[in-house]
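[1] I'll drop the sequence and a predicted model, then ask my questions.
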Amino acid sequence: MVNKGQKYSWNLRSLNFLATLTRENKQFAIIGLGRFGRSVAASLHKMGYEVLGVDIDEKLVARAINDSIATHAICLDSTEPNALKEAGIFEFDTVIIAIGNYIQESIITTLNVKEAGVSNVIAKASTEIHGKLLEKVGADRVVFPEYEAGEALAYMLTKPAILDRFDLDPDHSIVEVLIPEEFDGKTITELQLRSLYGLTVLAIAEDDKKFDINPLPNRRLHQGMAMVVLGNNKDIKRLPI
Ligand code: ATP
C-alpha cells in the first residue's frame, strides 16, 4: 500500500487556515498534459498564476492553448535536456512532472530538471515503485493522485468532521476539525488534550472568518466550532469525531 508523500485537501466548511501556510509562488511549469496535468494547469491558471504547459503531443499542446488552461504551451520531448533548457524550464522554481503512465519518460524528465538545479520538483507516480524511483532521482515531492483522491473520499464519507488536513510527514499531520459534542463547554486544560491525546491545539475558530492562534489553556471549546490540532495520526484518529 502506498503511504508516502500523501497530501489531502478537501473543503467541506474549511476556513482555509492551512492554505495560508502554503508558499507563494507565481510561475509553474507542467510537463505532461494528460488528465492530471491539464487539471493542475487549469486550476493554477484560474487562480491567476503563470503556467507553462509542455507535452510531446502537439494536439494536446494546441488543446491547452485553445482551452486557455495555460499562459503558454510548448511541444517538446522532456527526456531531452537541451529541449527543456531552450524552453526555459530550468528557470522555473516549481516544475510539476505530470507523466504517470510513461515511467521511463517520467524518471528521465525528473532527473533532467533536478540535475539542472530546479529547486522544487513535484512528480506524479502511478505505482509505489514508480514513486520510490522518482524520490531516488531527486523529486522533492511525489504525489499519487488516484490513491490520494480515493483516500480523501473515504475520509470525507466516514469522518465529515475533518475539514482540512496537512500532512507533515507520513505519521504527523495538522488537521482542522469540528469540535465534537464531548468537548462542548470544556476548556483545553480540562480536556487534557496534550496528556490524554498527545495533541497540541494550534488555533480555535472565533467565528467563520477568524482564528484565535495559540489559544490559552483556559479557552472554552464549543461544539461545532472548528479547531486546528497538531499531532500523530494515530492520536488524531482517537478524537471522538
Ligand atoms: P491520465 O491522463 O490517465 O490521468 P496522466 O495524467 O498521468 O494520466 P499520462 O497518460 O501519463 O497522463 O500522460 C501524460 C502526458 O505526458 C501525455 O499527454 C504524454 O503525451 C506526455 N508525455 C509522455 N512522454 C513525454 C515526453 N517525453 N515529453 C513530453 N511529454 C510527454
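    Looks like it came in fine. Numbering: from 1, shown residues only.

[2] what about the strands in this protein?
    27-31, 50-55, 72-75, 94-97, 120-124, 141-143, 162-167, 172-178, 200-205, 211-213, 226-232 (DSSP state E).

[3] to Leu239, which of those lies closest?
    Taking CB to CB, strand 172-178 is the member of the strands of the chain nearest to Leu239, at 6.5 Å. Where C-beta positions appear, they are placed from N, C-alpha and C, glycine not excepted.

[4] run through the chain and note the low-pLDDT ranges.
    1-25 (pLDDT under 70).

[5] residues from it in reach of the ligand?
    Residues of the chain lying close to the ligand by CB under 6 Å from any ligand atom are 31-37, 54-57, 60, 77-79, 98-102, 105, 124.

[6] quick one, which of those are buried?
    Burial by neighbour count, 16 or more other CB atoms under 10 Å: within these this picks out 31-34, 36-37, 54-56, 60, 78-79, 98-100, 105, 124.

[7] in helices, which of these appear?
    Mapping these onto helices (DSSP state H) picks out 36-37, 60, 105.

[8] neighbouring contacts of stretch 191-205?
    The contact list for stretch 191-205 (CB atoms under 8 Å, 6 or more residues apart in numbering) reads 15, 17, 174, 179, 183, 188, 211-215, 219, 221, 225-232, 235-236, 238-239.

[9] picking that back up, which one, of the strands of the chain, ends up nearest to Glu135?
    strand 141-143 (5.9 Å).

[10] direction included, what does the closest one pair up with?
    Within its sheet, strand 141-143 is paired with strand 120-124 (parallel), according to DSSP bridges.

[11] who touches the strand it pairs with?
    Strand 120-124 is contacted from outside by 25, 32, 36, 93-100, 106, 110, 113-114, 134, 138-145, using CB under 8 Å, 6+ apart.

[12] please name the bridge partners of Val177.
    For Val177, the beta-bridge partners under DSSP bridges are Ile162, Met227.

[13] can you get me a residue count around it?
    Neighbour count for Val177, taken as other CB atoms under 10 Å: 19.

[14] and it, what is it in contact with?
    Neighbour list for Val177: 161-163, 226-229, 239, 241 [criterion: CB under 8 Å, 6+ apart].

[15] with neighbour count added, can I get the residues you listed in JSON lines?
    Listed next are those as JSON lines, based on neighbours: other CB atoms under 10 Å:
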{"residue": "Ala161", "neighbour count": "16"}
{"residue": "Ile162", "neighbour count": "22"}
{"residue": "Leu163", "neighbour count": "23"}
{"residue": "Ala226", "neighbour count": "21"}
{"residue": "Met227", "neighbour count": "28"}
{"residue": "Val228", "neighbour count": "23"}
{"residue": "Val229", "neighbour count": "21"}
{"residue": "Leu239", "neighbour count": "21"}
{"residue": "Ile241", "neighbour count": "17"}
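
[16] closest one of these to Val118?
    Ranked by distance to Val118 (CB to CB), these are led by Val228 at 32.0 Å.

[17] any idea how far the closest one lies from Ile56?
    43 Å (CB to CB, to the nearest Å).

[18] the closest residue to Leu52 other than its chain neighbours pairs with what?
    Excluding its sequence neighbours, the residue lying closest to Leu52 (CB to CB, 6 or more residues apart in numbering) is Ala29, at 4.5 Å. Ala29 has these beta-bridge partners by DSSP bridges: Leu52, Val95.
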